[in-house]
Each structure stands twice: as structure tokens, then as C-alpha cells.
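Q: Just need the structure, nothing else, for what follows:
(chains A and B)
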There are 2 protein chains.
Amino acid sequence: MQDFIFHNPVKIYFGKGQASHVAEEAAACEGPVLLVYGGGSIKRNGAYDDVIRALAAAGKQVVELAGVTPNPRLDKVLEGVALAKEHGVGLILAVGGGSAIDCAKFVALGAGIGSDEDLWHDYIESGRPAPEGLIPLGVVLTTAATGSEMGDSAVVTNTAIARKMGYTSFPLMPRFSVLDPSYLTTLGRDQTNYGFVDMFCHVCEQYLSLPSDDNLSDELAEAIMRHILRSWRACLADPSDYTARSNAMWDSTMALNRIISRGKETDWVTHGIEHGISAVHPEVAHGAGLAVVHPHWMKYVYRATPEATGRFARFACTVWGVDPTGRTEAEMAAEGIERYSDFLARMGCPRTLAEIGVPADDAHLDELAAHHDAMGGSYQHVGTAEAREILADCVEPVAF
Amino acid sequence: MQDFIFHNPVKIYFGKGQASHVAEEAAACEGPVLLVYGGGSIKRNGAYDDVIRALAAAGKQVVELAGVTPNPRLDKVLEGVALAKEHGVGLILAVGGGSAIDCAKFVALGAGIGSDEDLWHDYIESGRPAPEGLIPLGVVLTTAATGSEMGDSAVVTNTAIARKMGYTSFPLMPRFSVLDPSYLTTLGRDQTNYGFVDMFCHVCEQYLSLPSDDNLSDELAEAIMRHILRSWRACLADPSDYTARSNAMWDSTMALNRIISRGKETDWVTHGIEHGISAVHPEVAHGAGLAVVHPHWMKYVYRATPEATGRFARFACTVWGVDPTGRTEAEMAAEGIERYSDFLARMGCPRTLAEIGVPADDAHLDELAAHHDAMGGSYQHVGTAEAREILADCVEPVAF
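A: Modelled structure (predicted):
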């Protein structure tokens, strides 16, 4: 196990009606509240009304930044920064899923840096740590997907240069997050699927990495993956099932709150390749892009080293129920990846570039690979050339 | 899943040499540091020297509260409160295991309450929440057992009235904890065993409770229990194995940092009964008392309701590898409890009151049961009468 630091001070309020806690949290902050959200979904699922009621109870003036898109954009962030400064905002409250949260994180960062500094160049692109003392951030979560509600990472797209980049820095941690599973019951099949793909991918990207020594993080990751598959089936079987939705919501948070990455290198290449797709095609949902790329990344990496093959074989047996009897590790690993791909198809997820409307001609594959948001690699380094190979394999469902 | 709040802001530094971080943490606090520790073990395992070096690097004046006993005592706490006040201490640093940490937590509490208030009566006995703004607390951990390093609970014995009581309040959370597994390699067999019993018991006390609905916490608990059993064997096989010790250390912290109790009632009755034993017999190690009581509590509870039996059967299969084929849930459950008891014997743990030097005559059982630190119960309520029945069964290893 690698040495590590763990520090996650986000306060989680979990359960039905917990948005009422927004009142006390907002009351503890000076000044108006900047509400950050997307389209109309939070008005349909009840979150907007709950939040407005809580803020009214706290006597808070509310400023709104609405219209945050999936794959949130830098121009919307800058609009929020201007609003936060103009109104002397004392709390930024994201209401929605990962897009609203990530946009809100960058608004907090953008409002907290020097007036001579550039958010994109000086922080996001360079990876320079965020300063302390940002405007505090709260979340009322209405999806189960990104884990952004309990982490210090965020993703933003600079449409001017078609770049989608991740950024991680401790001051971006929310102060609190409200997780009310009842907001999930209005999510449609595709959104539900894409959330599950995202959280499952997050767990894999921590688990399918070095070191391979005995450690608790890997055991926990396997438990979360098995549980995600169960929650996934249950949510599709009955979208209004509160228990299933509550499991999905906590699964997604536990998938990316740093617990299971302790002692692990981690490997975010799948997310890196997907960022290339949705940078060029902002209309492609993040989870849809991941569903296409993830099994193909697995196929590309599982034979990189004996350690990789052993780990993918373990993944096949412990998560996908592959029977190890009389088979090589490589055979088990391949069957595990196939079962994953079959599962995605059964759930109704896309598995090829064509299914998400992305052309696969040579010039376009070059462009997607070039927009890859490089994030390293553990068993195997993946750069632009390797990303292109993986993308080229995405014209068909994964096969061995 | 029950509604819950999760908030654990403790900063963990994990790995070899991490005590050097004490310098920056101490430097961030005003005034002298109160060092709280037990006997000489921290001078043998290197922790004392590492801490003194870090505090010197931070230019800190050090005040010492040494001689904290296992089952830490209220009189030692009050000695620490006097020292903290006299020297205007700005950081309390516990170096050791659960006893040093719990003593330090109560010193922080005792130094932070009003001069007209009584620590025992007004807080510990009444359960009244601790005030905010206590002297910050740091930990350098040298055992793997209690999980106190990442929680807001503590236990203390009032020898004047032979009462051992637990107390939980958020302001008792340490600000940071250093977990360096190399300090564990000098622990003897008994201390190693007692630590493992304690952490395994903690996981059970969360897992073996209502509700039984599908939830991630139970999956994670099973993963931690299986991992504890593996770490346990590995540490006894080679006490100097750093990987095994690092697994033990992180297992114990994850066993009681609130993650796996989310959505669960929890049931701390085994700890409550053990508190009766070590209140009357302070010479009995906490983990030794737990090893005796825990399987007998299980035997007492597993048939309380069909839900309890089902849960104990699941415990038997997923943690102890019991084969469910052709057997009733009650049969599986009983075999799981027997396997646990057998495992304890193989590891060299006591299983009867006689083995820990505690008489089992009627009058003495009455006395032990009367000192039970009542903590409720989930599948079945356990009060003094039931505690006495469980204790009476502890004259022999558990049998069905």
C-alpha cells in the first residue's frame, strides 16, 4: 500500500427531506446565495422548490445562474464569477448533478483568484493549486453519478479550443452536500444508465491500477462494484423504487470520495479519452462516451503485464462471477470484460462510436485522440497514439 | 437505509515516517503542546523520538502527561486538565493507542467546559454534547484497535464508583492522526490479538443490526471483516511484516470511522457488557474481555427474530465461508458463531471468564452485570438481566 493522506471534511445530509438543512447552512454564511443549476429538471423533481423554501427560511437573497449545460462550459463559469463578485455572494449552492456542481466549483475558484490571474491558463491548464478562502460551496444533489458532491475535482470544457479538462484541488471541496434519493425517481432510463456507467468506471479506475499487494481498498472497491450492479438493475426495473435510488446515490458518492483510492496509483485514462470525445462533441453525454470507451480500454490494457492480467482476472471472478476453474488468467480476464460489455448492452447503453453519433473516419479519430485529456496510466501509459488505437477499436463492441 | 449525516473531517497521514507532519500541524497552533501517553512502549517503538523531533522542529514547548493506563482513568484525565489549563496548552497530542487518545479527548473536553461544570456528571454521565472550540487534538497512533483516531467517541473509567462509560460528541474529533504502521511491528502477540478482536467486534456491532434491507454499508462491512481475518493471520505469522501491519492499521480505522454505520441502527451491547468487566477488573485488557463476551452475545441474539437469524446466516456464509447447501439459516448461523470462536482459540485469545481471571460465582456475575454500560440493542434489547445471562454463559466457550 502506498503512503497516503486522507482528508474529506464534506458534511453529508442523506435522506428524504434533508434539503431543509440548507437553511441552517446558508444562515451560517454572510451575504446572498448564488444558485447554480442546469435546465428545468430541478423544477420538476422538487429540488428547486425545497431549496428556495430553505433559503427563504434563512432570510437569504438569492442570485441565480441557470442554464448550466451537461459538460459545463467555461463561458458559463465566467458568467457566474461575474455574478458572484457583483452581488458579494457568501455561499454558492449547486442544485443538480455533476455539471452544476463542477460549474459551481469553478465559479468559487474564479471568484477567489487575483484579478490579474486567468482561471483557464493559470489554474485549470497549469494544475496550480487553488487558494484557500474561496466562497463556501454547498450542493443539493439530483443525480447519482459523478461523486463531485464529496470531492475536490471538477471538469470544464473550453469550447473556444474544444478542450475538456479535469482539475483537482482541496479548496474545491464542498462544505456540505444534501443527498435526497427521492430527487432521482424522475430520472429517465438514459440518465440513470449514464450515472451508473460513470460511478462504475470511477471504481474501476482506482481498482484496476497498481499496486497489486493485499490491501483493503481493493476489497472495498469490489464490494462497491457488486453493489452498483445490483442497484443498477433495481433502478431500471422500478425507477420509483426509493431503496434502489438511495443505494445508487450512496454508491456513487462512495465510488469517488477518496476512500477506495487510498494506497492506489489510480488510472484515469478512460475518463481522459472520453473527455476528448465530449470536448469535440459536447452533445454526447459523459456516461455515454464512457460506456463506449471503457471496455475497449480494458481490452487494450489487460495483457500489458502479468500483474495487469492477474488483476483483470480477479475483477472477472469477484465482480462478474466468472468461474476460474481450468482457465488461464487471460481467459478469465477476457470473459470478465465481455460480460461487462454484454451487461452494458442489456441495460441499454451504447457500445460503439456510431451509437453515440461520433464518426470514426481516420481524420476524426485523430482529432478525438488529440483532444484526449492525458491523465497518465498505471499498468500501461496511454498517450495520444495509444488513445487513438483504443478509439479505433470502438467501432465495434469489444470482442476477443 | 435509515437517513444519516456523515461528517468526518479528521486528516489522516498514513505511512512510514509520517510523524514528521506533526511539525506543521503543531506550528499551526498557539502555545505549548500537551503530550499524552501511557507507559514506555512509545519510547521502544520510536514514536516518542519522532514526535519530540517534530515538535522541536516546530519550536514547541512540550508538557507531558505520562502514565495513562489501559482502560484510562478519570483521575488521570483530571490531572491532564489541570496541566492544560496551567500551561495554556494549544494542542493536545496523544501518542499511543486508544487509551492515550481517549484520555486526551477527555482532557480537551475537561479543559473546555465551564469552571462550575463537572466533567463526569455534567457530560460523561449525562451524555450532554461537548461545547465547540475545544483545544485541538492530534494523534500519533501506535496500535491498531479502537478506531478512536478517526472518531468522536471515547471511553473512561471512574474508579471511585467502578464505572466505565463511553461518550460521543463531535467536538472530540481529532484534527489530525498520524498512522505509521512501523510502530506496530514491536507489538506482542496478546496486544496484536486484542486489537484485532476490538476492530472485528466494531464491524460486527454495526453489521449485526437492523435494518436488513439492501445497503452498501453491509457489503463494505463484510469486505472489512474478511480483510481483518486475513490481516490478523498475517500479523501473527510475521509480526515484522510491514504490509500486514499497514493492513491492520487501516482496517482498524475503517472499522470505526462512521463509514459502515451509515443507514444502520448499530448495536454496542458487547462493548457495554465488556465495560462492566473492565470497570470491575481494570487489569483485564478490553480486547480480552471482548473475545470472551462477543461470541456469547451472538449466541444469545441470533435467534431473537427471523431477521436476526437471516443476518447471522449471511455473516456465517460471507465472512466464515459456511456452506449454505441444505441447511437452515439457524444452522448456518450457529456454525458461523462456532467458527468465530474456534478462530479466536487458534489465534490464542481467551474465550472464558476463567481465562481472563474473572470469577463466575453468582454474586460476581451480578456485580459485572450491574456495571454493564447499557448501550441499547437492535435485534434484541439487552439490559442488566440479559447481560447477566450472557455473562453466565461465558464460563465455557460458546457451544450449541
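
Q: how close does residue A:5 sit to residue A:202?
A: 20 Å (Cβ to Cβ, to the nearest Å). For every residue, glycine as well, the C-beta is placed using N, CA and C.

Q: more crowded one of these two?
A: Counted by other Cβ atoms under 10 Å in any protein chain shown, residue A:5 and residue A:202 do not tie: residue A:202 has more neighbours, with 29 against 15.

Q: What residues of the helix or strand hosting the more buried one count as buried?
A: Taking DSSP states H and E as the criterion, residue A:202 maps to helix A:189-207. Neighbour-count burial for helix A:189-207, with 16 or more other Cβ atoms under 10 Å in any protein chain shown as criterion, is recorded at A:191-207.

Q: Kindly report the same for stretch A:232-252.
A: The neighbour-count check on stretch A:232-252 (16+ other Cβ under 10 Å) flags A:232, A:234-236, A:239, A:241, A:243-252 as buried.

Q: for stretch A:155-169, same thing?
A: A:155, A:156, A:157, A:158, A:159, A:162, A:163, A:164, A:165, A:166, A:167, A:169.

Q: With stretch A:166-179 instead?
A: A:166, A:167, A:169, A:171, A:172, A:173, A:174, A:175, A:176, A:177, A:178, A:179.

Q: what's the answer for stretch A:265-279, then?
A: In stretch A:265-279, counting by 16+ other Cβ under 10 Å, buried: A:266-279.

Q: Which one of those residues is nearest to chain B?
A: For the buried residues of stretch A:265-279, the residue nearest chain B by Cβ to the nearest Cβ is residue A:266; the value is 15.8 Å.

Q: which ones are touching that closest one?
A: A:205, A:206, A:209, A:378 (Cβ atoms under 8 Å, 6 or more residues apart in numbering or on different chains).

Q: what's near enough to touch residue A:338?
A: Contact analysis of residue A:338 by Cβ under 8 Å, 6+ apart lists A:398, A:399, A:400.

Q: Spell out which residues of the stretch 101-250 of chain A are next to chain B.
A: Counting by Cβ under 8 Å from any Cβ of the partner chain, the residues of the stretch 101-250 of chain A close to chain B are A:213-216, A:219-220, A:222-224, A:226-227, A:230, A:234, A:243, A:246-247, A:250.

Q: hmm, which of these are the buried ones?
A: A:214-216, A:219-220, A:222-224, A:226-227, A:230, A:234, A:243, A:246-247, A:250.

Q: Check the secondary structure at the residue nearest to residue A:345 when sequence neighbours are not counted for me.
A: Of all residues not flanking residue A:345 in the chain, residue A:351 sits nearest, at 6.0 Å (Cβ to Cβ, 6 or more residues apart in numbering or on different chains). Classification of residue A:351 by DSSP: H, G, I helix; E, B strand; the rest coil places it in coil.

Q: residue contacts, the residue of the stretch 251-400 of chain A found nearest chain B?
A: For the stretch 251-400 of chain A and chain B, the shortest gap (Cβ to the nearest Cβ) falls at residue A:251, measuring 5.8 Å. Applying Cβ under 8 Å, 6+ apart to residue A:251 gives the contacts A:144, A:199, A:224, A:227, A:228, A:231, B:216.

Q: Please report how far it lies from residue A:138.
A: For residue A:251, the distance to residue A:138 - Cβ to Cβ - is 22 Å.

Q: All the helices of chain A, residue numbers only.
A: A:21-27, A:41-44, A:47-57, A:74-87, A:98-112, A:189-207, A:216-237, A:242-254, A:269-280, A:286-301, A:306-320, A:329-347, A:362-370, A:384-393 (DSSP state H).

Q: Kindly reformat those helices as a markdown table and extend each row with mean pLDDT.
A: As requested, the helices of chain A are exported to a markdown table (pLDDT from 0 to 100):
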| stretch | mean pLDDT |
| --- | --- |
| helix A:21-27 | 98 |
| helix A:41-44 | 94 |
| helix A:47-57 | 98 |
| helix A:74-87 | 98 |
| helix A:98-112 | 98 |
| helix A:189-207 | 98 |
| helix A:216-237 | 98 |
| helix A:242-254 | 97 |
| helix A:269-280 | 94 |
| helix A:286-301 | 98 |
| helix A:306-320 | 98 |
| helix A:329-347 | 98 |
| helix A:362-370 | 96 |
| helix A:384-393 | 96 |
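
Q: closest to residue B:98 out of these?
A: Smallest distance to residue B:98 across these (Cβ to Cβ): 19.7 Å, for helix A:216-237.

Q: That closest one versus helix A:242-254: what angle between them?
A: 140 degrees (axes from the mean of the first three to the mean of the last three Cα atoms, to 10 degrees).

Q: hey, C-alpha coordinates of helix A:216-237 in CSV?
A: Extracted in CSV, the C-alpha atoms of helix A:216-237 (Å, rounded to 0.1, in the frame of the first residue of the first chain):
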residue,chain,number,x,y,z
LEU,A,216,-8.4,-3.1,2.0
SER,A,217,-9.1,-0.5,-0.8
ASP,A,218,-9.4,-3.3,-3.4
GLU,A,219,-11.8,-5.3,-1.2
LEU,A,220,-13.9,-2.2,-0.7
ALA,A,221,-13.9,-1.4,-4.4
GLU,A,222,-15.1,-4.9,-5.3
ALA,A,223,-17.9,-4.6,-2.7
ILE,A,224,-19.0,-1.3,-4.2
MET,A,225,-18.8,-2.6,-7.8
ARG,A,226,-21.0,-5.6,-6.9
HIS,A,227,-23.4,-3.3,-5.2
ILE,A,228,-23.5,-0.9,-8.1
LEU,A,229,-24.6,-3.7,-10.4
ARG,A,230,-27.4,-4.7,-8.1
SER,A,231,-28.6,-1.1,-7.6
TRP,A,232,-28.4,-0.6,-11.4
ARG,A,233,-30.7,-3.5,-12.2
ALA,A,234,-33.1,-2.4,-9.4
CYS,A,235,-33.3,1.2,-10.6
LEU,A,236,-34.1,0.2,-14.2
ALA,A,237,-36.6,-2.4,-13.0
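
Q: The residue lying closest to residue A:110 once chain neighbours are set aside: how many residues sit nearby?
A: Among residues not flanking residue A:110 along the chain, residue A:81 sits closest, at 3.7 Å (Cβ to Cβ, 6+ apart). Close neighbours of residue A:81, defined as other Cβ under 10 Å, add up to 21.
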